[in-house]
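Novice: sequence-free structure coming up:
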């Protein structure tokens, strides 16, 4: 009797020491925030739970989206023994020990085990291979959580035997729901505090779609507020040492900051551009939006003056998708510095806009007969392809012949500058034009 009382007291003391994010971990699928695409009626995950079927899953998504939560909820809902391993510290020996114990308990008592491996992408190929027999023979129900693309980090045999579910960052409304429940629920703050509107908006921005982070910050702010009923913006700023950035993602600040960001890069001021990048990141701007602007800007304002700028911007955009924030801030910053310091040219955007302007104005014209497709039956009778000069048959791979439609021959859209690498392209273009001029070395007279 006394042992039971001591056990209960110990468990209660342990729960009191648990972080708010742990205490508020959902107990059922219906309490899980966000992930409607995975939890709706008839969805694969809900059917696995409701049908109590053996399973092997990979949960792929950013931090704080509920991967560990889903694993524990599935374990509880299907009455399975829950065993968690961290790929950071566990090795092949630990994996095999869990599997052996799961087989023993299933054979002796019929107890089923759910094995959850956090950060499974950190497992080596040998460690992942050790899971294969258990997954294939369903000695355990396996759930692996990863923030990395499993197609790159998980061995194919294990991935092919598992269902891959992609989790998404929580929406602002999802985070607000998480906070509201934590404020009211007895497992959380139990109604001891309210949250000012300013503090709530700042907290949502700081969370960046990460439910666990929002609860961590809320708990810290509640300690600062102490006995006061309301948690204020000042409490939150003091708790997390991050001042509120005045930035409305759907209002004037959004457009003003992105405008200043682009104009700073165009004006070759990397320091100002980095300031605006930091402002957007700190305010919770979607990093994919920032990455898209960098990709556009690399061609619009740098173009052929430094073609590598586009490669850097695209690589930064891919990094945002692969690893997300906060790490991707480094990749975005690298692209910003590259574009800011690159020689500038708007020749590419002027060229395509001028060409599209002609097309929209009706200055299109027919494709010259010698350039038309001559491969189908009857094309020869129509004169299609007749007289076409194959460029590879001529010196330098350039030959004088008309390519543009009648009425547009000789029109210049692309007018390269003398900035950076575009100076060299300008020289190349001039040599090509010289060869293609009537009487030039590429007119075909000696071809």
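Specialist: That came through, no problem. Fair warning: this is a prediction, and the values are worked out from it, not measured in the lab.
Novice: only C-alpha atoms for contact and neighbour calcs from this point on.
Specialist: OK.
Novice: And the average pLDDT for stretch 160-180 is what?
Specialist: Averaged over stretch 160-180, pLDDT sits at 89.
Novice: same question, stretch 418-425
Specialist: 85.
Novice: Excluding sequence neighbours, find me the nearest residue to residue 342.
Specialist: Spatial nearest neighbour of residue 342, excluding adjacent residues (Cα to Cα, 6 or more residues apart in numbering): residue 306 at 6.3 Å.
Novice: So, low pLDDT: which residues of the protein?
Specialist: Residue ranges of the chain with pLDDT under 70: 1-16, 241-254, 374-381, 383, 385, 438-447.
Novice: Tell me which stretches of it form strands.
Specialist: In the chain, the strands defined using DSSP state E lie at 56-60, 81-86, 113-118, 141-146, 163-166, 194-195, 230-231.
Novice: Just checking: what are the partner strands of the last one?
Specialist: Strand pairing for strand 230-231, using DSSP bridges, gives strand 194-195 (parallel).
Novice: do the same with the first one
Specialist: Each strand that pairs with strand 56-60, with its direction, by DSSP bridges: strand 141-146 (parallel), strand 163-166 (parallel).
Novice: what's the answer for the second one, then?
Specialist: In the sheet containing strand 81-86, its partner strands are strand 113-118 (parallel), by DSSP bridges.
Novice: can you give me the offset of the partner strand from its chain's centre?
Specialist: From the chain centre to the centre of strand 113-118 is a distance of 26 Å (Cα atoms, centre = their mean, to the nearest Å).
Novice: Now tell me what touches it from outside.
Specialist: Applying Cα atoms under 8 Å, 6 or more residues apart in numbering, the external contacts of strand 113-118 come out as 68, 71, 75, 80-87, 102, 139-146.
Novice: Tell me the buried residues in it?
Specialist: Residues 113-118 are the ones in strand 113-118 that count as buried (16 or more other Cα atoms under 10 Å).
Novice: now swap in stretch 221-231 and tell me
Specialist: In stretch 221-231, counting by 16+ other Cα under 10 Å, buried: 221-222, 224-225, 230-231.
Novice: gap between that stretch and the chain center?
Specialist: On Cα atoms, centre = their mean, the centre of stretch 221-231 falls 35 Å from the chain's centre.
Novice: and the end-to-end length of that stretch?
Specialist: Using Cα to Cα, to the nearest Å, one end of stretch 221-231 lies 7 Å from the other.
Novice: Residue 21: how many residues sit nearby?
Specialist: Using other Cα atoms under 10 Å as the criterion, residue 21 is surrounded by 21 other residues.
Novice: I'd say it and residue 215 touch.
Specialist: Yes: counting by Cα atoms under 8 Å, residue 215 is a contact partner of residue 21 at 5.4 Å.
Novice: before we move on, back to that, with distance to residue 326 added, can I get the buried residues of strand 113-118 in a markdown table?
Specialist: Below are the buried residues of strand 113-118 laid out as a markdown table (distance: Cα to Cα, whole Å):
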| residue | distance to residue 326 |
| --- | --- |
| 113 | 35 |
| 114 | 31 |
| 115 | 29 |
| 116 | 25 |
| 117 | 23 |
| 118 | 19 |
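Novice: which one of those residues sits closest to residue 268?
Specialist: residue 118 (43.6 Å; Cα to Cα).
Novice: How about residues contacting stretch 208-225?
Specialist: Residues from elsewhere that reach stretch 208-225 (Cα under 8 Å, 6+ apart): 19-21, 62-66, 169-172, 175, 178-179, 182, 193, 203-204, 206-207, 231-232, 235-236, 238-240, 284.
Novice: Need the buried ones from these selected in PyMOL.
Specialist: Buried subset of the contacts of stretch 208-225, written as a PyMOL selection, criterion 16+ other Cα under 10 Å:
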select buried, resi 20+21+62+63+64+65+66+169+170+171+172+175+178+179+182+193+203+204+206+207+231+232+235+236+239+284
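Novice: separation between residue 358 and residue 407?
Specialist: Residue 358 sits 11 Å away from residue 407, taking Cα to Cα as the criterion.
Novice: no no, residue 59
Specialist: Relative to residue 407, residue 59 is positioned 59 Å away (Cα to Cα).
Novice: I'd guessed residue 287 sits against residue 281; true?
Specialist: Yes: counting by Cα under 8 Å, residue 281 is a contact partner of residue 287 at 7.1 Å.
Novice: which residue sits closest to residue 234 in space, ignoring its chain neighbours?
Specialist: residue 199 (7.9 Å).
Novice: thinking again about what came up before, the strands of the chain: which one's closest to residue 28?
Specialist: Comparing these by Cα to Cα, strand 81-86 comes nearest, at 15.1 Å.
Novice: Sounds good, over and out.
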